[in-house]
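K.L.:
Generate a structure from the sequence data that follows.
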Amino acid sequence: MNVILIISDTFRRDHLGVYGNDRIHTPYLDRFAKEAVVFDRAYCASFPTVPHRADIMTGRFTFTYFYWSPLPAEETVVAQVLSDAGITTQMIADTPHILRAGYNFQRGFKGFYWIRGQENDPYRTAPREVKLPCDPTKLRSPERTVKQYLRNVHHRRCEKDYFCAQTMSTAAEWLEENYASGPFFLYVDTFDPHEPWDPPKWYVDLYDPGYDGEEVIYPRYAPCDFLTEGEIKHIRALYAGEVSLVDRWVGHLLSKIDDLGLRDSTAVIFTTDHGFYHGEHGLMGKSLLGKGWSASAPLYEEVAHIPLIVRLPGVKGGLRCDTLVQPPDITASIYELAGVETPKTVQGKSLVPIIKKEVDELRPLAVSSPSIVQGLRVRRLSTITTKEWALIYGGSYIEPGEATTRAVDDFKRKEHDYYGPGAGPALYHLPSDPKQEKNVLEENIEVARSIHAQYVKFLEELGTPEEYLQNRRQLLAE
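P.N.:
The predicted model follows:
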């Protein structure tokens, strides 16, 4: 069958009605969910943007050997395999990092279309002077990113000019031209609701009407004490407005699928790469960034727990699944749905047997993690989630040294250690503590040891090089 994969960057699952939100307007995705299978325990794997797309393209847990970098030429990628099998493959994206500067994530697609201008994309040079929307000390990269972004959107006039609207409209137009010409795989990737957050005002007014303060559209990734309560409230409204904007235009694409009579022959998958902290755990962002440096932040539920909604022809809608699943499983599913043999390189497991209730479980745990390639020098914090526990763990010791990274915006930075050499792991019991406010490691040390042992075994089974695994074999320092 045909397959359409929609990735909406930084889309928090708790902002969708189908996942319990009763405040934010997402009517189109909520209606889609009623026609689909909703996965309640989907977790990100490789983090953040670029590593996640590497997982999707390869079907592998790439955090064990890959970092924020171009797609390696030797990787077997889903677009190429499907193209070689005679399937029409198309990428339509406004997410800049996977396409700019030779990152080459379009490799293997028979066609790709890039909507330019998101975030720090060096797209336009005029106007030379732009006015920042707030005190620059509250912004992440005001000169290199925010000003560039404001140049890029200077000529925007109405809602259809917004990036998500352009991306979903372009995807709908591609369907009009290609829907009748054989099986296809359409990959649609929008950067929204990733910051900068500047949706049309009418969306923001749904959530914070009458606000007259500064517009912190691209806040620093830091402990959020640099913001007032009113500014944090408005940031949440800006983000909610972006979510409703995405919902509206994803709805446009979903309607086009029906208009063209594709519902009975097309699988549709909606998901994201990760979430974002809007003050939870005292943080703003999804990591910590300073002047010329960055650090890994814990991947709590707000970031690691992601939406995943899958609509399959012939499968009853409204079903929910509480099996632990991750992005490489999406790739394995695409191969099965497209009727193409899954390459042996794929580490994910197809969701189709779960949806058809042929199996009950794919894995006992989910691992969400930034790259562990430089894990000996700095702590890169993995989150290991089971049916009721979450263990946040960054390795048992540190070999001091200098590490650099290009995450999260392709600017090179030195990397700092978030926890510090003397800090240990944290364990949370999710049913009784869903907001992860109480570390219960000491009173549940054997639970933590068991989860840690499963984590190490998982890394071994993935073929993680020993040089990246050696400092993760120990739960606590001797």
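
K.L.:
Tell me where the stretch 201-350 of the chain has strands.
P.N.:
Secondary structure of the stretch 201-350 of the chain (DSSP state E, counting those that start in this stretch): strands at 222-223, 266-271, 277-278, 283-285, 288-290, 293-295, 305-311, 319-321.

K.L.:
so which of those strands gets nearest Val3?
P.N.:
Among the strands of the stretch 201-350 of the chain, the nearest to Val3 by Cβ to Cβ is strand 266-271 (4.9 Å). Every C-beta, even on glycine, is put in place using the N, C-alpha and C of the backbone.

K.L.:
quick one, that closest one and strand 305-311 angle?
P.N.:
170 degrees (axes from the mean of the first three to the mean of the last three Cα atoms, to 10 degrees).

K.L.:
All the helices of the protein, residue numbers only.
P.N.:
Applying DSSP state H to the chain gives helices spanning 27-34, 49-58, 78-84, 147-152, 163-178, 201-204, 229-259, 301-304, 327-338, 352-355, 445-461, 466-469.

K.L.:
ok now do the residue minimising distance to the centre of the chain, which residues does it touch?
P.N.:
Central residue of the chain (Cα atoms, centre = their mean): Asp273, 1.1 Å from the mean position. For Asp273, the contacting residues are 7, 9-10, 44, 47-49, 52-53, 306, 327, by Cβ atoms under 8 Å, 6 or more residues apart in numbering.

K.L.:
What's the local residue count around Asp322?
P.N.:
11 (other Cβ atoms under 10 Å).

K.L.:
do the same with the one 4 residues further on
P.N.:
Counted with other Cβ under 10 Å, the neighbours of Gln326 add up to 26.

K.L.:
How about the one 4 residues further on?
P.N.:
Close neighbours of Ile330, defined as other Cβ under 10 Å, add up to 24.

K.L.:
wait, doesn't it sit right on Ile56?
P.N.:
Yes. Ile330 lies in contact with Ile56 (Cβ atoms under 8 Å); the separation is 6.4 Å.

K.L.:
Please identify every residue contacting each of these two.
P.N.:
Common neighbours of Ile330 and Ile56 (Cβ under 8 Å, 6+ apart) are Leu5.

K.L.:
Please tell me how far Glu446 sits from Trp389.
P.N.:
Distance of Glu446 to Trp389, given as Cβ to Cβ, to the nearest Å: 12 Å.

K.L.:
Mind checking which of these two has more residues around it?
P.N.:
Counted by other Cβ under 10 Å, Glu446 and Trp389 do not tie: Trp389 has more neighbours, with 19 against 7.

K.L.:
So the more buried one is in contact with Pro431, correct?
P.N.:
No. Counting by Cβ under 8 Å, Trp389 stays clear of Pro431, with 9.3 Å between them.

K.L.:
so where's the stretch 301-450 of the chain uncertain?
P.N.:
Low-confidence segments of the stretch 301-450 of the chain (pLDDT under 70): 375-376, 397-401, 418-423.

K.L.:
what would the helices of the chain look like in JSON lines with distance to Asp40?
P.N.:
JSON lines is the format used below for those (distance: least, Cβ to Cβ, whole Å):
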{"stretch": "helix 27-34", "distance to Asp40": "11"}
{"stretch": "helix 49-58", "distance to Asp40": "20"}
{"stretch": "helix 78-84", "distance to Asp40": "25"}
{"stretch": "helix 147-152", "distance to Asp40": "35"}
{"stretch": "helix 163-178", "distance to Asp40": "25"}
{"stretch": "helix 201-204", "distance to Asp40": "27"}
{"stretch": "helix 229-259", "distance to Asp40": "19"}
{"stretch": "helix 301-304", "distance to Asp40": "12"}
{"stretch": "helix 327-338", "distance to Asp40": "14"}
{"stretch": "helix 352-355", "distance to Asp40": "12"}
{"stretch": "helix 445-461", "distance to Asp40": "20"}
{"stretch": "helix 466-469", "distance to Asp40": "31"}
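
K.L.:
so what's the residue lying closest to Arg449 once chain neighbours are set aside up against?
P.N.:
Among residues not flanking Arg449 along the chain, Leu475 sits closest, at 5.8 Å (Cβ to Cβ, 6 or more residues apart in numbering). Each residue near Leu475 by Cβ under 8 Å, 6+ apart is listed here: 393, 396, 425, 448-449, 452.
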